[in-house]
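Colleague: dropping the sequence and predicted coords here.
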Amino acid sequence: MPTTTNKQRLLNHVFAHLPKACKGDPEGTPRPPQDQAVLEQFLYAVCREGTTREEGDRAFLNLRERFFDWNEVRVSSLRELAEAFDGLPDPEIRAQRAVDFLQEVFETTFSFDLESLHKKGLKQAAKQLARYQAANDYAVAWVIQQSLGGHAVPVDAPTLRVVRRLGLIDGDHEDPEALRASLEHHIPKSKGPLFNDLISALADEVCFEDEPNCPACPLFAHCPTGQENKATVAAESGSRHKPR
């Protein structure tokens, strides 16, 4: 089990090496979505989960440009909405979540404004967000991080895959809140958004679910999984070339 010191050392490598190696802003500076309002951040999280920052930006921009306002999004067909998420995993599911969220907000507030959450404490705001049918741990954490000023590290499937392989979380963690709490303990609040962008880019570029391209990873020398794969490849190669 990686020690706290080893995890912190690995995070230092993440912030030192990934900004230059990953695609996007060479400075590695997080670029926020077009709006910072709570409702927009929730919808952006629906776009962003399981994707890179660039893909999330593109889908969110599609929603803003293809539809007149959020009410038009709410009443549009799922087929129309799914086109805005084209190229992302599960576009129909994302479209359904967007409609469900906007419908529920409209039915409870008769508007598309959730800025009153800023007046509540973080725990109460998180509980209220989590009650929405379209909410999940990732979306709630995203809004807390990006709009409500709290310390949260949203964890989607690609992020979970990478941090497990890096050894940043222990393998026996399964509960989403426990996973986040473990990461938030080591990652400063100011670096949370950058961490999300870097890890999702790494997952997209080299740390694939199947057959990760470990030798091309900028963290290869520091990644336990990468070193295990290297040793396995070396052992298999030696076995194939063993003289008779």
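Modeller: On my side now, so go ahead. Residues are numbered from 1 along each chain as shown.

Colleague: in this structure, which spans are helices?
Modeller: 4-21, 38-48, 53-66, 70-75, 78-84, 91-109, 122-130, 137-146, 157-166, 176-186, 192-205, 224-240 (DSSP state H).

Colleague: contact partners for Ser147?
Modeller: Each residue near Ser147 by CB atoms under 8 Å, 6 or more residues apart in numbering is listed here: Gln36, Ala37, Val38, Gln41. (Each C-beta comes from the backbone N, C-alpha and C, glycine too.)

Colleague: rewinding a little: of all the helices of the chain, which one is nearest Asn213?
Modeller: For the helices of the chain, proximity to Asn213 was assessed by CB to CB; helix 192-205 is nearest, at 8.2 Å.

Colleague: farthest-separated two in the contacts of Ser147?
Modeller: Gln36 and Val38 (8.5 Å).

Colleague: compare those two (neighbour count), which wins?
Modeller: The residue with more neighbours, out of Gln36 and Val38, is Val38; 22 against 11, by other CB atoms under 10 Å.

Colleague: domain assignment for the chain?
Modeller: Annotated domains of the chain cover 4-30+153-205, 38-146 [automatic domain parsing].

Colleague: how far is the first one from where the chain is centred?
Modeller: Relative to its parent chain, domain 4-30+153-205 has a centroid offset of 9 Å by CA atoms, centre = their mean, to the nearest Å.

Colleague: ends of that domain, how far apart?
Modeller: This stretch, domain 4-30+153-205, spans 27 Å end to end (CA to CA, to the nearest Å).

Colleague: quick one: mean pLDDT for it?
Modeller: For domain 4-30+153-205, the mean pLDDT works out to 86.

Colleague: and for the last one?
Modeller: On average, the pLDDT along domain 38-146 is 96.

Colleague: let's have the helices of the chain in TSV, adding distance to Pro212.
Modeller: Converted to TSV, the helices of the chain look like this (distance: least, CB to CB, whole Å):
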stretch	distance to Pro212
helix 4-21	15
helix 38-48	22
helix 53-66	19
helix 70-75	36
helix 78-84	29
helix 91-109	25
helix 122-130	33
helix 137-146	22
helix 157-166	7
helix 176-186	20
helix 192-205	9
helix 224-240	7
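
Colleague: mind checking which of the ones you listed is nearest Ala216?
Modeller: Minimum separation from Ala216 across those (CB to CB) falls at helix 192-205, 8.0 Å.

Colleague: quick revisit: so which of the domains of the chain gets nearest Gly226?
Modeller: domain 4-30+153-205 (7.6 Å).
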